[in-house]
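Novice: Based on what follows, work out the 3D shape:
(one chain, ligands or ions: 1)
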Amino acid sequence: MLRQFLSKIISLCTVSRYREANPKVSGRAWVLATLVLFSTIVSASEKIDSVRVWQAPDSTRVVFDLSGPVAHSIFTLDKPDRVVIDLKGTLRTKALFSIDLKDSSIAKVRSAMQNKQDLRVVLDLKTPLKPKSFLLKPNAQYGHRLVLDLEGSVASVKAGNAASSKTVSTATPIKKQQKRVAGGRDIIVAIDAGHGGEDPGAIGGKGTREKIVVFKIAKSLQTELNKRKGIRAVLTRKGDYFLKLKTRREIARKKLHADIFVSIHADAFKNGKASGASVFALSRRGATSTLARVLAEQENQADVIGGVSLEDKDDVLAGVLADLAMEGSMEHSLTVGKYVLGEMGRVTKLHKKHIEQAGFAVLKSPDIPSILIETGFISNAKEERNLNSSAHRKKLSKAITKGITKYFEQHPPPGSKIALRKSTEALYAKHTIRRGETLSKIANRYQVSLATLRRVNAMSQVDIIKIGQTIRIPNS
Ligand SMILES: [Zn+2]
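Specialist: Below you'll find the predicted structure:
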């Protein structure tokens, strides 16, 4: 066998040298010689079927779809920055030549066979990045995968390209917002568009992907919420990339210092007839219905499909659920969920008239109200059409905004603009000026001095009032 192998190598070298010396020898003969050689000595049996690259604000994920489990190793090189991935017994395939690298931190992908049986893939990077890799076993959506996470900000890549532009941090610090500000701070709503990147979420009959429509709804909801004074909405996921369920909660709580977490979904059910929107809160015990349990199980699969390495498994359940703080935030989740469901019921069909509960991992924040909105069933033909309509998405967004605003009008967080406005409102009554009224007549009627009336309405000595104008009357 060894002798046969060596003789093939020698024959290859001979052909090669012969070809260099005789450029006129037909290319076909050369290819044939090479093919014969490969078919006998190559023992590489696995191959890369496809490669996907997902760019997140502070990391790049490269996913290799493999024909089977493959032993691999990685290392980095600098000047220029590179990541090298060695895959044992793997063939060099076409998949490596058509990788979409747009806007990613990877400049180029190169590959070569080593010892005729192992594959070496070299990623040329635009900036130094920290690689982490792990293998994933097959699931409902994918076969064997090798995931390579390159940690580091793409913002620094862009800044590097345009030397004059400042580095734009994607993690806008909102902490300042939380400090005591004269006039109060904005209430922060974290909008979490479900799924993303490797995880497409549910897929409709017409091929609509949940991750795409829910991102559009999230953006539309952000626009509607930001029209409200004293409310600021921020997205946890800003593009098409995967976020772990745990990371979604952490972004909301630690990075955005959110006052509420709203996760947006559009799920599928095996029965295509299932229809209507639902709102969910976390349940500490069992689910309130079979559907709630099934959907929670489906949603919690996101980490498996999107790809999480073993050491990153989300184990918050046990610890956090024992926490009493959870009780309080769950009660608030039910209240806000009820308001949102009520408003949604005016613009779309509801699956059930009451808020449901199940063990959704993404809702396990101990200290902020968290709800998950299933905006409709993507598995239902009519609802899939609706979800693809921007007019319908806008209607949903307006309704959700109304529900959230109603909740914060009743439960404004201390120090927020809405809380301050409400405490000011409590000090004064309002009076709308009618024909024939003068300021002194009004003062008389409410038994306050003219001077007080002028002061609380910031008026000068010359009392100019108009019909229809609203003025403040101190509540004695
Ligand atoms: Zn979903």
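Novice: Can you tell me how far Val181 is from Leu427?
Specialist: Separation of Val181 from Leu427 (C-beta to C-beta, to the nearest Å): 20 Å. C-beta here means a position set from N, CA and C on the backbone, and glycine is covered the same way.
Novice: Which one's more surrounded, these two?
Specialist: Val181 (14 against 10; other C-beta atoms under 10 Å).
Novice: what's the distance between the more buried one and His411?
Specialist: Counting by C-beta to C-beta, the gap from Val181 to His411 is 20 Å.
Novice: what's the answer for Arg346, then?
Specialist: Distance, Arg346 to His411, by C-beta to C-beta: 22 Å.
Novice: which of these two has more neighbours?
Specialist: His411 (15 against 11).
Novice: what's the neighbour count on the closest residue to the more buried one other than its chain neighbours?
Specialist: Distance criterion C-beta to C-beta, 6 or more residues apart in numbering; nearest residue to His411, sequence neighbours excluded, is His332 at 6.8 Å. For His332, the count of nearby residues is 17 (other C-beta under 10 Å).
Novice: can you count the residues close to the closest residue to Phe261 other than its chain neighbours?
Specialist: Ranked by C-beta to C-beta, 6+ apart and with sequence neighbours excluded, the top spatial neighbour of Phe261 is Ser370, at 4.0 Å. Counted with other C-beta under 10 Å, the neighbours of Ser370 add up to 30.
Novice: where are the low-confidence patches of this structure?
Specialist: Within the chain, the segments meeting pLDDT under 70 span 1-43, 154-180, 310-325, 461.
Novice: Nearest to the ion: which residue in this structure?
Specialist: Taking C-beta to the ion as the measure, the chain has His265 as its residue closest to the ion, at 3.5 Å.
Novice: so that residue touches Leu372, yeah?
Specialist: Yes. Under the criterion of C-beta atoms under 8 Å, His265 makes contact with Leu372 at 6.3 Å.
Novice: what sits in contact with each of these two?
Specialist: Glu299 (C-beta atoms under 8 Å, 6 or more residues apart in numbering).
Novice: mind listing the strands for the stretch 301-450 of the chain?
Specialist: Secondary structure of the stretch 301-450 of the chain (DSSP state E, counting those that start in this stretch): strands at 356-358, 370-374, 428-432.
Novice: Now render these as JSON lines, adding distance to the ion.
Specialist: Listed next are those as JSON lines, based on distance: least, C-beta to the ion, whole Å:
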{"stretch": "strand 356-358", "distance to the ion": "13"}
{"stretch": "strand 370-374", "distance to the ion": "7"}
{"stretch": "strand 428-432", "distance to the ion": "45"}
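Novice: re earlier: not counting sequence-adjacent ones, nearest residue to the residue of the chain closest to the ion?
Specialist: Among residues not flanking His265 along the chain, Gly194 sits closest, at 4.3 Å (C-beta to C-beta, 6+ apart).
Novice: how near is the one you found to Val213?
Specialist: Distance from Gly194 to Val213, by C-beta to C-beta: 10 Å.
Novice: what about the two, which has more around it?
Specialist: Gly194 (31 against 27).
Novice: isn't the more buried one right next to Arg209, touching?
Specialist: No. Using C-beta under 8 Å, Gly194 is not in contact with Arg209; the gap is 11.0 Å.
Novice: Can you work out which residues contact both of these two?
Specialist: Listed as contacting both Gly194 and Arg209 by C-beta under 8 Å, 6+ apart are Gly201.
Novice: So what's the residue count around Trp62?
Specialist: To be clear, residue 62 is Val; Trp isn't right here. 24.
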